[in-house]
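Visitor: Generate coordinates for the sequence data below:
(one chain, ligands or ions: 1)
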Amino acid sequence: MTTLQLHSGDDGVALIEINLTDRPMNVLTPELIADLAQAVEQVASSPDIRGAILTSGKPGGFVAGADIKGLLALFDTGPIAPAQGAAVGEAFGRLARRIETCGKPFAAALEGLALGGGLELALACHHRVLVDLPKAVVGLPEVGLGLLPAGGGTQRLPRLIGIEKALGLLLTGRHVRPAEALKLGIVHALAAPGEVVDAARGWLLAQPSAVQPWDAKGFRVPGGVGPTAPHASRSFTAGTTLLAGQTQRNLPAPLAILSCVYEGTQLPLDVGLRLERKYFGRLLADPVARNLMRTMFVNKGRLDKLANRPAGVPLSKVRKLGVLGAGMMGAGVAHVAAGVGIEVVLLDSTLAQAERGKAHAARQLDKAIERKKSTREQADAVLARILPTQDYADLAGCDFVVEAVYESREVKTDVTRRAAAVLPTTVVFGSNTSTLPITGLAQAFDRPADFIGVHFFSPVERMPLIELIRGEQTSDATLARALDLVAQLKKTPIVVNDSRGFFTSRVFGTFVKEGIAMLQEGVLPALIENAARQAGMPVGPLAVVDEVSLDITLKVYAQWQADGVQPPYEPALSIDATRRMVEQLGRKGKAAGAGFYEYPEGGRKFLWPELATHWPPAAQQPAVDELKRRFLTIQALEGARCVEEGVVLDPADADVGSIFGIGYPAWTGGVLSYIESVGLQAFVAQSVQLAERHGERYRPSPWLIARGGRATVSSAPGRGGLNALQISQAKAHPPSSK
Ligand code: NAI
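Guide: Here you go, the predicted model:
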């Protein structure tokens, strides 16, 4: 047995220590399941063993869940059928049931987190002790991957803690800390670090050597568990309502979980477990689950392995970071950098402005202390690392600079020149511009090879993505050092080539413009906003333009037009309505107190009722599904264009960037995975149809049509689409930029 060790002691207690030596965390691989099955038989058949403790041979965690890599590999040869999906969980299901019914008591000694299959393994045991440390969380997060717990989680948890509480965990996938796990009854006891196994042993030694099967082992909920039990019907109503309030509402997993618990708790456990596997199989066969798993996996890979880092450049570490501009973005960058131990020089045009930026960090840290995520001491240490200043001489010795002054080429040029005069020649200069091409900005710096776009998202503290933009002259060494900074800041990078709006703003721009175009067509504003949210976007397009502000949006359009980079496939679309709002109706957005929404003081914003006067609603309104499809398609088309033009070189970057940067719904797997899920050929056909109805911006390019035509052969659904787009790299040509 390579994944665990079984020691049997003189007291008749066997200790089973799980340790996947080739992984940082234990996960449920087929080998581990087979080894555990063998160990359980050894315990069951050995007359000298009175019971067993399941624990981890690794510090820090019990079992972190399913082996996602293994699950994803199932799709390598194409789509899978529901029955095939159901079979995936069979061996684990058998193992859990055998632990439960083998006639000897099993205790789980959880020295750290137990998530997904890890918690299910523990739930199959007769007793659970959890270490009392904040990071020792338990939970069933499968719903976030478009799946349900298929190792008995939907059946044992409701029977153990009641339907109402179990649904609260199953439908949200949230992690539960030790004190709550004890209160809910998920674990029987907490123990101090180092005493968990002893506590489990104490319980075992107090048991008679043979334990009754499942029914008597403590799966008891006052009042029973069936749908006629007290709270049951209320819980299912509450569960359905909970779903209605979430952006995940139209995803298959939450509904499957509700059905599984509803039906399963009316049936004997063994039948419930079979039912659970059937529902699991259906979910696994759905592209949504594959997309969500892939997103998680790709993102994790990026964090772990620094994907796309040029080879041969030694690893670097930023010690002193210059941040130019202490506004919303600069202050956030300074806070995050100081938080990971970097000395920060925060420069603005006046000392008072620079100090205001530092005060932002102080406020955020106070909140962290309130939420018990930091201590006064730690917060003071972070603040001590931020030096507010107006004096460029303080930038001496910085090894990296992030410029975040106003979005104006003139101001940025001036600030860059002044900084360059005092910076060492070894510095990397990054600009946080969101719209100005990097190649042009780099001209203000005497070493354009050391200049790169480092595009953070707002709020910097919360948004995980950083988009690195290579200018035409940016060197490999500069890119590598920027990637190292991203890793130091614990963010996720994507790497793109210079282009109007880079990747994220460019794709997101199509979403916003589509919303305004719909308004111009006479679609009801509330329908537009709701359809976007139902598609899975975090905020409706009209609310977004209000946040960004309508006059800034107009300025960006004007700049692009002046630069000659306004693309031919987006004629005046949406500009008319935006200009009318600003110039005729005096509504510039949220900051000005009036935009597409009204912002009553102290109250909640609501859509401006007079929109109907200026853009009269059409007599016949489109179906919400049609609008959802438009929002997803228009962004996917732009994402594909970015691949075609060589703005994005790694399609996985397009997927990760669209989800973590602009909130493209995670269930799609990202803009390119969405195309793949629909099927390249079907996507092209659907886009052509939309182009006939709504305009040329939907017309798929000859490049995409060519790939769609080939999709029937090359795209075994499940991966072909993405592969087909990947092949495009050979054809990609460098983007033009200024
Ligand atoms: P902001 O207006 O909040 O801050 C700009 C700061 O730059 C102000 O504190 C201002 O005093 C300072 N500044 C202006 N001229 C200066 C000069 N000559 N010398 C020194 N400091 C000067 O703007 P925000 O939102 O922080 O944006 C900054 C940059 O980040 C812009 O390029 C913007 O496009 C980009 N960005 C903004 C995002 C956002 O959501 N706000 C997201 C991503 C990028």
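Visitor: Any stretches of the chain with poor pLDDT?
Guide: Within the chain, the segments meeting pLDDT under 70 span 209-235, 238-250, 299-307, 564-574, 708-738.
Visitor: what does it put close to the ligand?
Guide: By CB under 6 Å from any ligand atom, the residues of the chain that approach the ligand are 324-330, 348-349, 353, 404-407, 411, 414-415, 432-434, 455-458. Backbone N, C-alpha and C define where each C-beta goes, glycine included.
Visitor: let's see 8 Å
Guide: Counting by CB under 8 Å from any ligand atom, the positions of the chain adjacent to the ligand are 324-332, 347-350, 353, 356-357, 390, 403-407, 411-412, 414-415, 431-436, 455-458, 548.
Visitor: Which PyMOL command selects the buried ones in the residues you listed?
Guide: Only the buried entries of the residues of the chain next to the ligand go into this PyMOL selection, using 16 or more other CB atoms under 10 Å:
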select buried, resi 324+325+326+329+330+331+332+347+348+353+356+357+403+404+405+407+412+415+431+432+433+434+435+436+455+456+457+548
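Visitor: Narrow the residues of the chain next to the ligand to those in strands?
Guide: Within the residues of the chain next to the ligand, residues falling in strands by DSSP state E are L324, L347, E403, S431, H455, F456.
Visitor: list the helices and strands the helix or strand where L273 lies packs on?
Guide: Per DSSP states H and E, L273 falls inside helix 269-284. Using 3 or more CB pairs under 8 Å, 6 or more residues apart in numbering; DSSP states H and E as the contact definition, the elements that helix 269-284 packs against are helix 82-88, helix 90-101, helix 153-161, helix 252-264.
Visitor: partners of the helix or strand following the second one, with directions?
Guide: Next helix or strand after helix 90-101 toward the C-terminus (DSSP H and E): strand 106-110. If you go by DSSP bridges, strand 106-110 pairs up with strand 51-56 (parallel), strand 127-131 (parallel).
Visitor: ok, V323 - contacts?
Guide: Residues in contact with V323 (CB atoms under 8 Å, 6 or more residues apart in numbering) are G330, V333, A334, A337, V344, V345, L346, L347, G357, V401, V402, A404.
Visitor: Let me have the residues you listed in CSV, extended by distance to A619.
Guide: Formatted as CSV, the entries for the contacts of V323 read as follows, by distance: CB to CB, whole Å:
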residue, distance to A619
G330, 50
V333, 50
A334, 54
A337, 55
V344, 58
V345, 61
L346, 56
L347, 57
G357, 52
V401, 57
V402, 52
A404, 48
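Visitor: about what we covered before: a markdown table for the ones in strands among the residues of the chain next to the ligand, including distance to P541?
Guide: As requested, these are exported to a markdown table (distance: CB to CB, whole Å):
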| residue | distance to P541 |
| --- | --- |
| L324 | 32 |
| L347 | 35 |
| E403 | 29 |
| S431 | 27 |
| H455 | 21 |
| F456 | 22 |
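Visitor: Just name the closest of the residues you listed to L15, please.
Guide: L15 has its nearest neighbour among these in F456, at 48.4 Å by CB to CB.
Visitor: wait, doesn't that closest one sit right on P464?
Guide: No: no contact is recorded between F456 and P464 when judged using CB atoms under 8 Å, the distance being 10.5 Å.
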